[in-house]
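Student: structure, please.
(2 chains)
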Number of protein chains: 2
Amino acid sequence: MPAGSKLGAVTEISEHGLDLPGPLDIGAEAGAALLEQAAELVVRHAAGVAELPVAPAGEGTTELRDWLAGFDFQRPRPGAETLAEVVDQLRRWGVHPTHPRYFGLFNPTPTWWGVAGELVAAGLNPQLAAYSHAPAAVEVERHVVRFLAARLGLPDTAGGCLTTGGAEANLSAMVLALTRRFPDYATGGLRALPHQPVCYVSAEGHHSWLKIAHLTGLGRDAVRTVDVDAGHRMDLAALRRVRDADLAAGAEPFLLVGAVGSAGGGAVDPLPELAGHAAEWGMELHVDAAWAGVVALSDRLRPVLAGVEHADSVTVDAHKWLSAPMGAGIFLARRAESLAAAFQVSTNYMPADTADADGVADPYATSVQWSRRFAGLKVFLALAAVGQHGYAAQVERDVRLGELLAARLAEHGWLRVNDTPLPVVCVVDPDVDRGDPDVSQAWHAAVAAHVVAGGSGWVSPVRLAGRAAIRLCLTSHRTTAADLDQVVTALDDARG
Amino acid sequence: MPAGSKLGAVTEISEHGLDLPGPLDIGAEAGAALLEQAAELVVRHAAGVAELPVAPAGEGTTELRDWLAGFDFQRPRPGAETLAEVVDQLRRWGVHPTHPRYFGLFNPTPTWWGVAGELVAAGLNPQLAAYSHAPAAVEVERHVVRFLAARLGLPDTAGGCLTTGGAEANLSAMVLALTRRFPDYATGGLRALPHQPVCYVSAEGHHSWLKIAHLTGLGRDAVRTVDVDAGHRMDLAALRRVRDADLAAGAEPFLLVGAVGSAGGGAVDPLPELAGHAAEWGMELHVDAAWAGVVALSDRLRPVLAGVEHADSVTVDAHKWLSAPMGAGIFLARRAESLAAAFQVSTNYMPADTADADGVADPYATSVQWSRRFAGLKVFLALAAVGQHGYAAQVERDVRLGELLAARLAEHGWLRVNDTPLPVVCVVDPDVDRGDPDVSQAWHAAVAAHVVAGGSGWVSPVRLAGRAAIRLCLTSHRTTAADLDQVVTALDDARG
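Tutor: This next block holds a predicted model:
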């Protein structure tokens, strides 16, 4: 089907219908009706979600597939009908992160500003690959990035970008560290280096590092998981031992990762000491504060992050404790210009002015993604509406709720087994905990499952340094003290 | 700030205010008002965008920063006010992909179903990392993936996932190919392999491969750009020469990339021949059909993709020709189970049931991302509403518009220099083209810039195999024949 043959037959091209809207163009009026309906469904869900079970009984796979079998995409179906059906299925078959009693995996109840921001981003659909294509959108994101970098105590040289989440931000950190530490890596790759690079993460660190080591070609073995102390923080003596062994074996330690708020128990690694070691040993320091980085907005809680100001890079997810809708990680680099070395590229078709007025390179040439949606709008709108102090009040409130939850659980005979200033509470039944570890793991998993099945709360089984526990994390800004009472009661009931 | 000290002081915890909503919780009524306003702004933009210049005069950096200086996030500002201001800035300072005369970089005018889908995804905020957290959302996405895979002629074993876009889909392909071809790669990394892996992309292929080679540790040099023929398709003789040289040098070719619809000129690589070579040489075949893969929905245009059914993996972006709002790539793998080997992980805190009823592993363990937003909803809603045949009619219409545009340009003395059945038209002024290449490049860039500055159309300078041209691509489903006339007139004016 070469174009040439068609070009030769110019006069045969029928223009029939080409002056009218195409099949996808239903017009602004029909579009408005669809948005109105979608907004109504979202509002009704938000207003009523607290009356739903937090999680469904079962996964509904068979029912879902039966329903989807009706969508063969051959016979078009009215959009309004499908929209209503989808929302119904989502409400029935899914855990609800927007529920005030979702004590879950850092997935927040999104703010209304955030939801409105997503609607606008989708409707105007700016393309953030090149600065020249979307100056307003890029400037808004950079404004957010600069604000957060300053609150973290990073220098004015800092830069960064929005990512899909913490995993992409951590991937960015890995690529940046490799590019900075090994000049031959960018063009020659890992095989051009004299030694095998290795990185250090606490045994309680995020497992995304394993996937990242796989896909950056380091290999999963290059992630050294360093033992933790009794508080689940990276143990400095263990760190030194691992490094000594690596040096003796001819490996080259290049990246040290400190977590602020580990995914399991909210542990805070000793950043000041890690920063000292990184400097002394010539390693990059990355701080994974995907969840807890937001406490930088609270003067009272900011000390939790002490040491982050020394980081070469930092991960903070806006779609966690900033309560942005999903798909808003933030990657911060101490030196904005270093990003261009890690992600630069030039093409024959992208706009040639690949830099803004300050000479800062285009987003697509300074980050992992290429085409990118306007993920920062939802963050900006919420920050503008509640301000730093509003967020500070929210995270301080969440911390108080966490303390209250811990106190309630203690009153009911549960033993807390994690040590963190952050609002994630991991508890065990002391009697069960004292016994056989396998029995304890099965028992705590069964109790968590019983709570979930009851629909009145979502809690999860966790293992901290191998010890089985039940994990409850404050993740919804709609949670109140009454919700804590309900989940504590549910746990008591589940314990039997 | 250890938690232990606080737990010891249970009675001191003040419950004041904890039974009331937190600062982020403005209630469903205020939320509804915000969504109503956002929807109105989006509708008004859509209704009026055709009256705006397609691109602004300049980038407005100074004005934007002056405006943003008013947002120090100290004094909260009314959300409604900020929302209106942001939309105003976005309308002023940005190229409008939603404009019917944006003949641009594959960024579409989003469908209304797609925009509504984004609103619902943001509002309900499902978390697609684990199947058990969002069965309905994951099943909807898999339904879309299966439909597309079947239309591409991939076998029933195929699987895949939604990505942020083509770059992430291509990254997935690279990691999958490395994992499949080199058993030691996952844990030992690239340095554990006996030879340097290299991959082959046409000289007109997407430059994301360079970034991908950098970040996968292969090194940018491992991407061999194979010369193209006169139609900008990968030249098979050149391919064989490159491979012979690599084998002689001890490198190990493992991945062959064929493009269907190159970013510059829409070239279609000879997939059947590439598939034959890949099989013969023991290489993986990836087809980058980020833009043009959607023609699989048209029985008439599907032959353009002939050979794709042999691919080991395929990239198709829903946020290109399917007109989904930004942030919707699709990665397809011939063997769904191979994804688990490339992206598997296990943690101490994620739900333990890491598979659905069929034993298919969780999304976070079979794809690049971890936490993931419900990117597939917008695609599903649009597919359900217009059906395969609606999309077929749209892409066929776009192809006819492309032919008409080419014909009009030819009538006005422009010479088409790309050869493709797809609706992207690259033209030169024959007189200028015959002269000094540097002069030609500057001249064509200046003409494109003049058109853009005039506001009546967005076209871009391009180089195809080094030859300067002006590129016009049909990307908005709102484009009609009258828009073609306008941009042709603008080009004539710019030529002077």
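
Student: can you tell me how far A:L401 is from chain B?
Tutor: A:L401 sits 6 Å away from chain B, going by Cβ to the nearest Cβ, to the nearest Å. C-beta here means a position set from N, CA and C on the backbone, and glycine is covered the same way.

Student: A:K211 and B:A341 touch, don't they?
Tutor: No. Taking Cβ atoms under 8 Å as the definition, A:K211 is not a contact partner of B:A341, at 11.8 Å.

Student: more neighbours: which of the two?
Tutor: Between A:K211 and B:A341, counted using other Cβ atoms under 10 Å in any protein chain shown, the more crowded position is A:K211 (26 against 16).

Student: please, which helix or strand holds the more buried one?
Tutor: Here A:K211 sits within helix A:208-215, counting by DSSP states H and E.

Student: for A:V86, same thing?
Tutor: helix A:79-92.

Student: same thing with A:G390?
Tutor: A:G390 belongs to helix A:377-411 when elements are defined using DSSP H and E.

Student: can you give me the buried ones in that helix?
Tutor: The neighbour-count check on helix A:377-411 (16 or more other Cβ atoms under 10 Å in any protein chain shown) flags A:377-410 as buried.

Student: average pLDDT across that helix?
Tutor: Mean per-residue pLDDT for helix A:377-411: 97.

Student: then stretch A:302-314?
Tutor: For stretch A:302-314, the mean confidence score works out to 98.

Student: and the contacts of that stretch?
Tutor: If you take Cβ atoms under 8 Å, 6 or more residues apart in numbering or on different chains as the criterion, stretch A:302-314 is touched by A:151-154, A:172-173, A:176-177, A:180, A:258, A:260, A:268, A:270-275, A:278-279, A:284-287, A:289, A:292-293, A:295-296, A:331-335, A:421-422, B:1.

Student: what's the burial count for A:D227?
Tutor: Counted with other Cβ under 10 Å, residues neighbouring A:D227 total 15.

Student: isn't it up against A:A238?
Tutor: Yes. Counting by Cβ under 8 Å, A:A238 is a contact partner of A:D227 at 4.0 Å.

Student: which residue, other than its chain neighbours, is closest to A:W414?
Tutor: In this structure, A:W414 finds its nearest non-sequential neighbour in A:V427, 3.9 Å apart by Cβ to Cβ, 6 or more residues apart in numbering or on different chains.

Student: in which helix or strand does the one you found reside?
Tutor: Using DSSP H and E, A:V427 maps to strand A:424-428.

Student: which strands or helices does that strand pack on?
Tutor: If you count contacts as 3 or more Cβ pairs under 8 Å, 6 or more residues apart in numbering or on different chains; DSSP states H and E, strand A:424-428 packs onto helix A:377-411, strand A:415-416, strand A:467-473.

Student: looking at the ones you listed, which is nearest to B:H444?
Tutor: helix A:377-411 (34.8 Å; Cβ to Cβ).

Student: are any of the contacts of stretch A:302-314 buried, and if so which?
Tutor: When the contacts of stretch A:302-314 are checked for burial by 16+ other Cβ under 10 Å, the buried set is A:151-154, A:172-173, A:176-177, A:180, A:258, A:260, A:268, A:270-271, A:274-275, A:278, A:284-287, A:289, A:292-293, A:295-296, A:331-335, A:421-422.

Student: mind checking which of the residues you listed land in strands?
Tutor: Here DSSP state E is the test, and these give A:G258, A:E284, A:L285, A:H286, A:V287, A:F331, A:L332, A:A333 as lying in strands.

Student: closest to chain B among those residues?
Tutor: Closest to chain B out of these is A:F331 (13.2 Å), distances taken as Cβ to the nearest Cβ.

Student: what sits against the closest one?
Tutor: A:G160, A:C161, A:L162, A:T163, A:E168, A:A169, A:S172, A:A173, A:S313, A:V314, A:T315, A:S367.

Student: in helices, which of these fall?
Tutor: A:E168, A:A169, A:S172, A:A173 (DSSP state H).

Student: show me which pair in the residues you listed is furthest apart.
Tutor: Counting by Cβ to Cβ, the most remote pair of those is A:E168 and A:A173, 9.9 Å apart.

Student: can you tell me the closest non-neighbouring residue to A:V138?
Tutor: A:Y131 (5.3 Å).

Student: what about the residue of the stretch 51-200 of chain A found nearest chain B, neighbour count?
Tutor: Residue nearest to chain B within the stretch 51-200 of chain A: A:G189 (2.6 Å; Cβ to the nearest Cβ). By the measure other Cβ under 10 Å, the count of residues near A:G189 is 25.
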